[in-house]
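Q: Structural data only, the sequence is not supplied:
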């Protein structure tokens, strides 16, 4: 048996949560392999909207095992709030959710440090969500982190040492803060966390594979936010790419099967950082409004632009994508013209590859298509697609050299069309 991997190919917010929820009936296990509560997955079904931050999107399928892997960073306070809200809506998490002992804990002081570091950077700030993700991964790499498994052994002493170390840094930054309420909620989260299945997830995942179980690995954020291959330094602090599933769950590379890459029919970005196809005009605003492009966790307005095929080709290469999933096609239903960036112009030279630096001097080169001017939200089969939309899909497949297997035409799980192109 092999695991399948599902991840975003752009700057995050591609709609991964909905796709995982659509695909989970085919799998026995859904496992999250990186990121933290800065990554919100919004799912809509049966007239309800759910926002997941740390919990895998397979949690709504009653007979599935859901695993938070070792590559994830977990904030106990935010986790408690998220889990209790789901339990109140009738989803028994303690039966379905397993958490890796090796996942690192986001401390209250990590969140304070996040704010302090951003304040110190001034105009050069990265635009983090302030959830403490970066400082937590920093502690992990510098071998100073606390892990979920630590709450079972001598935890009070270990926490006090970590807190004292952070407070020393904050003092050097002259940053004023009050940790009282944050810490109270956090400790309540620690007590709540002890009630879950805390596991050695690498043994569990490989054992499940050996037993013939099918596993879907769920990524957070997007490829262009990968700490190694994204638009550094405006990136997240983990490996969002397919290789992150190996390190974030304890899987060998030969265990990877299908790699589903998710992309929007356009492109968005949250926070600071370069964005070659960003639109600053009325078109960008229209896409934002029609697509409800506001952060699931932060509520922040997303920057919007046309689809970037240069960046997508790069993302497909890095991840070894085998099948593409096209999201939010319906957002472009009313446009007279639809554009796709096919190359960059840098210093007067046209290039079709993703360069080392896209921070300045990168001008997108566009191909234009007639819009389909058709409401696709009620469509249930690709046979109903308008000719212009079929032409757009064919062009994308030719440019990206990868088949588009699934097309989403609305936010509900029912508004998902699988194309039979195998």
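A: Right, received. Where do you want to start? Since the structure is predicted, the reported quantities are computational estimates derived from the model, not experimental observations. Numbering: from 1, shown residues only.
Q: what's the next secondary structure element after the helix or strand bottoming out on mean pLDDT in the chain?
A: Within the chain, no helix or strand scores below strand 41-45, which has a mean of 68 by mean pLDDT, DSSP states H and E. Toward the C-terminus, strand 41-45 is succeeded by strand 48-52 as the next helix or strand (DSSP states H and E).
Q: correct me, but residue 217 touches residue 247?
A: No - applying CB atoms under 8 Å, one finds residue 217 not in contact with residue 247, separated by 11.5 Å. C-betas here are computed from N, CA, C, even on glycine.
Q: shared neighbours, these two?
A: Here residue 217 and residue 247 share the contacting residues residue 33, scored by CB atoms under 8 Å, 6 or more residues apart in numbering.
Q: and these two? which has more neighbours close in?
A: Each of residue 217 and residue 247 has its neighbours counted (other CB atoms under 10 Å); residue 217 has more, 33 against 15.
Q: how close does the more buried one sit to residue 238?
A: According to CB to CB, to the nearest Å, residue 217 and residue 238 sit 14 Å apart.
Q: now do residue 100
A: Taken as CB to CB, the span from residue 100 to residue 238 is 14 Å.
Q: helix/strand/coil for the residue nearest to residue 345 when sequence neighbours are not counted?
A: In this structure, residue 345 finds its nearest non-sequential neighbour in residue 363, 4.2 Å apart by CB to CB, 6 or more residues apart in numbering. Classification of residue 363 by DSSP: H, G, I helix; E, B strand; the rest coil places it in strand.
Q: mind checking pLDDT for residue 363?
A: We have a pLDDT of 96 for residue 363.
Q: quick one, what contacts it?
A: 276, 344, 345, 346.
Q: Kindly reformat the residues you listed as TSV containing pLDDT.
A: Formatted as TSV, the contacts of residue 363 follow (pLDDT from 0 to 100):
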residue	pLDDT
276	96
344	97
345	96
346	94
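Q: Looking at these, state which has the most neighbours.
A: residue 344 (23 neighbours).
Q: other SSEs contacting the stretch of helix or strand it belongs to?
A: Element membership for residue 344, per DSSP H and E: strand 337-346. Secondary-structure packing of strand 337-346 (3 or more CB pairs under 8 Å, 6 or more residues apart in numbering; DSSP states H and E): strand 303-308, helix 309-319, strand 349-351, strand 362-370, helix 387-400.
Q: coming back round to it: could the contacts of residue 363 go into a markdown table alongside distance to residue 108?
A: As requested, the contacts of residue 363 are arranged in a markdown table below (distance: CB to CB, whole Å):
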| residue | distance to residue 108 |
| --- | --- |
| 276 | 38 |
| 344 | 43 |
| 345 | 47 |
| 346 | 44 |
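Q: so where's this structure shaky on pLDDT?
A: Residue ranges of the chain with pLDDT under 70: 39-46, 122-129, 296-298, 420-422.
Q: Longest helix in it, please.
A: Longest helix of the chain, by residue count under DSSP state H: helix 155-172.
Q: Pull the residues that contact the helix or strand just after that helix.
A: Next along the chain after helix 155-172, taking DSSP H and E as the criterion, comes helix 180-193. For helix 180-193, contacts defined as CB under 8 Å, 6+ apart pick out 74-80, 83-84, 99, 107-108, 111-112, 148, 151, 155.
Q: Are any of these buried, and if so which?
A: Buried members of those, counted by 16 or more other CB atoms under 10 Å: 74-80, 83, 99, 107-108, 111-112, 148, 151.
Q: In strands, which of those fall?
A: With strands taken from DSSP state E, the overlap with these comprises 74, 99.
Q: ok, so of the buried ones among the contacts of helix 180-193, who is nearest residue 178?
A: residue 112 (9.2 Å; CB to CB).
Q: Quick one: residues contacting that closest one.
A: Going by CB under 8 Å, 6+ apart, residue 112 touches 132, 166, 170, 175, 177, 179, 182.
Q: How about residue 226?
A: In this structure, residue 226 makes contact with 235, 236, 238, 239, 240, 241, 244, 318, judged by CB under 8 Å, 6+ apart.
Q: will you turn these into JSON lines that also has distance to residue 302, secondary structure and neighbour count?
A: Compiled in JSON lines, the contacts of residue 226 are given as follows (distance: CB to CB, whole Å; DSSP: H, G, I helix; E, B strand; the rest coil; neighbours: other CB atoms under 10 Å):
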{"residue": "235", "distance to residue 302": "17", "secondary structure": "coil", "neighbour count": "21"}
{"residue": "236", "distance to residue 302": "16", "secondary structure": "coil", "neighbour count": "27"}
{"residue": "238", "distance to residue 302": "21", "secondary structure": "coil", "neighbour count": "29"}
{"residue": "239", "distance to residue 302": "23", "secondary structure": "coil", "neighbour count": "23"}
{"residue": "240", "distance to residue 302": "17", "secondary structure": "coil", "neighbour count": "33"}
{"residue": "241", "distance to residue 302": "21", "secondary structure": "coil", "neighbour count": "26"}
{"residue": "244", "distance to residue 302": "23", "secondary structure": "helix", "neighbour count": "26"}
{"residue": "318", "distance to residue 302": "23", "secondary structure": "helix", "neighbour count": "20"}
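Q: Just name the closest of the residues you listed to residue 293, please.
A: The closest of the contacts of residue 226 to residue 293 turns out to be residue 236 (CB to CB; 18.7 Å).
Q: any idea how far the residue nearest to that closest one when sequence neighbours are not counted lies from residue 179?
A: Spatially, and ignoring its direct neighbours in sequence, residue 236 is nearest to residue 225 (4.5 Å; CB to CB, 6+ apart). Distance of residue 225 to residue 179, given as CB to CB: 28 Å.
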